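Novice: Turn this into a structure:
(2 chains)
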2 protein chains.
Amino acid sequence: MSRDICIFQSFLEDKHRVQIEAAAAETGFTPHFFTEDQFEEAKTCLQECACEVLYAQSPNLLRTAPASLNWYCASSAGVDYYCADPTLFANPGCILTNSNCYGVTISEHLLMVTLMLLRRMPEYQATVRAHDWGTPLPIRSIRDGAFTILGTGDIGTTYAKCLRAMGAAKITGLNRSGKSPDAAYDEVVPIAQLDQVLPAAQVLMLALPNTPETAGILSKERIALLPRSAYVINVGRGAAIDQEAMIDALNSGAIAGAALDVMVPEPLPEDHPLWSAKNLILTPHISGNLTLAYTRDTNVDMFCEDLRNYAAGKPLQYQVDRKRGY
Amino acid sequence: MSRDICIFQSFLEDKHRVQIEAAAAETGFTPHFFTEDQFEEAKTCLQECACEVLYAQSPNLLRTAPASLNWYCASSAGVDYYCADPTLFANPGCILTNSNCYGVTISEHLLMVTLMLLRRMPEYQATVRAHDWGTPLPIRSIRDGAFTILGTGDIGTTYAKCLRAMGAAKITGLNRSGKSPDAAYDEVVPIAQLDQVLPAAQVLMLALPNTPETAGILSKERIALLPRSAYVINVGRGAAIDQEAMIDALNSGAIAGAALDVMVPEPLPEDHPLWSAKNLILTPHISGNLTLAYTRDTNVDMFCEDLRNYAAGKPLQYQVDRKRGY
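Specialist: A predicted model of the protein is given here:
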């Protein structure tokens, strides 16, 4: 009996297919490739081959997979959709892995929007669009700046390393344990101390998985704790922020600005008030998209690495705790 | 007879005045402070005290200074205005120094616009202004990117160090000698080889002083040597680029984009075609303004350092060759 892998991805280049084929041959698997416009074909294949492994980013396809499916590799970093809904898995013991390959591209996005906020680009760009030379505005710098990072995973820590390299004066991380994962942080405190940290936050960056514990964590009350000079950046999940309170804080000048790459809902409806909030850099969930060669290559590398672990019966490197949610 | 310093600056804070007063007292000088709206008062003072030292950024005030003036400290990095016009100096032997304290703030600007170009923010921001979610565009990264830096002084080299810290794959510098000033560069070649370098340039950054040799260096012919994927960034002087050819290259898609912080003329007239060139990030000469605390502090530190050198009869640390122009 053959052991089968379905690969349902549109980002793969020829070299990635060759790489997956080689890893499959080496480990005794047969790969079946589908692009994301071949949903019905992929669904049929999953059933017909009693598929064991699926590499995709599609809760809808996962829902159609038979109980033979024993490992679902999500090409995304966030797996909240998968963890929140156990009915997606016909096999309750199905292993879930994610792909934490977005640190590089998201940290470049983060550095860009951090500098755009500190250097007041939303205001300068409005002036330039009006063909107005304007006058210099007071700006701030990464060098000598203080940064508060909520979520010290791959994304938060890659950002912390960049800030450190740019001469940041103070980098505070927050996570559940309060344990520091990397020397790039000056200090790491437990998320339970968030209320004590917020009144001094200058740049607050959120890179949290979406779990019941993180939903709404930046509440209206906590937004009110931020100083007027604070900037807020979110690349985790939109649900972490009370979005209505954030829009009010921006429009009233209660905080200095924000850069949101994630929001609720996505895509944002055309008439949503977030589009035109003051001093907001809004991007359509692009910070970690799969258009960067490095991100694509690493995504495939991680899948092949864990395919070898899986075939050898070893623990998977990127396994997610489906109950905990990350 | 007293020895006098006139300080004609609007950026000074109280602590900077205290610092200059202390350095003056230590070296036997009397300081006279003026803000930039006190032109007539400063001019009168220069004459009446037969002023020896002037710390300013004003060719117009320098022109009024008597032959007693023996050292003019420009608070700018660029000194092209001063070198191009010897009639500004009543004393032909007057020492000229500049203030190379802009590396930090300009390199943060450079990193910001580099990422905005590579990540196609001009296009994304246009979509967002139209309340349109759009679709992900292929982007590029600093990590794995190649960078060509024309001018390896304080600004170019601070930028090179940032790129290196962000994982850039290849950094090529160009300067007159072809000698590398810093290990951040993979290679440094003589500017005479510019034509050989341009066809492979991905991001070309210009940070050149304005001299007869650099004026028009990025000519129409050289812009035509750039690949269609190239981005051009200029923070030196606008005169380095054939601006009309640059506008044509942007609007026709002959290059991928540009970020210009300097241009000709400044301020740009309201009806100038540069305001609306395609894929251009235009900023109103703000990359090195004096609103950043670090920049202001360093500017004053450098003046005080050279004041001690001057009083001790030692060579000045930041002296410019008035004939060479930098």
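Novice: ok, and the closest non-adjacent residue to A:Ser219?
Specialist: Nearest residue to A:Ser219, sequence neighbours excluded (CB to CB, 6 or more residues apart in numbering or on different chains): A:Asp242, at 5.1 Å. Where C-beta positions appear, they are placed from N, C-alpha and C, glycine not excepted.
Novice: burial of the one you found, as a residue count?
Specialist: Burial of A:Asp242 is recorded as 18 neighbouring residues (other CB atoms under 10 Å in any protein chain shown).
Novice: Identify the residues contacting it.
Specialist: In this structure, A:Asp242 makes contact with A:Gly216, A:Leu218, A:Ser219, A:Lys220, A:Ile223, judged by CB atoms under 8 Å, 6 or more residues apart in numbering or on different chains.
Novice: Now intersect those residues with the helices, please.
Specialist: A:Lys220, A:Ile223 (DSSP state H).
Novice: one step back: can you tell me how far the residue nearest to A:Ser219 is from chain B?
Specialist: Going from A:Asp242 to chain B by CB to the nearest CB, to the nearest Å gives 22 Å.
Novice: go on, A:Ala23?
Specialist: In terms of CB to the nearest CB, A:Ala23 sits 23 Å off from chain B.
Novice: and what of A:Leu163?
Specialist: To chain B, A:Leu163 is 10 Å away according to CB to the nearest CB.
Novice: Kindly report the same for A:Lys220.
Specialist: From A:Lys220 across to chain B, the span is 25 Å (CB to the nearest CB).
Novice: which residue packs closest to that residue, ignoring adjacent ones?
Specialist: Here the residue nearest A:Lys220, using CB to CB, 6+ apart, is A:Ala245, at 3.7 Å.
Novice: Mind listing residues that contact the strand or helix carrying that neighbour?
Specialist: Element membership for A:Ala245 (DSSP states H and E) is helix A:243-251. By CB under 8 Å, 6+ apart, the residues outside helix A:243-251 that reach it are A:218-220, A:223-224, A:226, A:232, A:254-255, A:257-258, A:260, A:263-264, A:273-274, A:277-280.
Novice: just the buried members of the residues you listed?
Specialist: Those of those that meet the buried threshold are A:218, A:223, A:226, A:232, A:254-255, A:257-258, A:260, A:263, A:274, A:277-280, by 16 or more other CB atoms under 10 Å in any protein chain shown.
Novice: now the stretch 101-250 of chain A, which segments are flagged as low pLDDT?
Specialist: For the stretch 101-250 of chain A, no stretch has pLDDT under 70.
Novice: Show me which residues of it sit near chain B.
Specialist: A:104-105, A:108-109, A:111-112, A:115-116, A:118-119, A:121, A:124-125, A:127-128, A:131-134, A:136-144, A:162, A:165-167 (CB under 8 Å from any CB of the partner chain).
Novice: Filter those residues down to the buried ones.
Specialist: Judged by 16+ other CB under 10 Å, buried ones among those: A:104-105, A:108-109, A:111-112, A:115-116, A:118-119, A:121, A:124-125, A:127-128, A:139-143, A:162, A:165-167.
Novice: Can you flag which of those belong to helices?
Specialist: A:104-105, A:108-109, A:111-112, A:115-116, A:118, A:121, A:124-125, A:127-128, A:162, A:165.
Novice: returning to that earlier point: after the helix holding A:Ala245, which helix or strand is next?
Specialist: Later in the chain than helix A:243-251, the nearest helix or strand by DSSP H and E is strand A:257-260.
Novice: residue boundaries of the strands in chain A?
Specialist: According to DSSP state E, chain A carries its strands in the segments A:3-8, A:29-34, A:53-56, A:71-74, A:95-97, A:146-150, A:170-175, A:187-190, A:203-206, A:231-234, A:257-260, A:280-282.
Novice: Pull up the distance across stretch A:81-91, start to finish.
Specialist: 17 Å (CA to CA, to the nearest Å).
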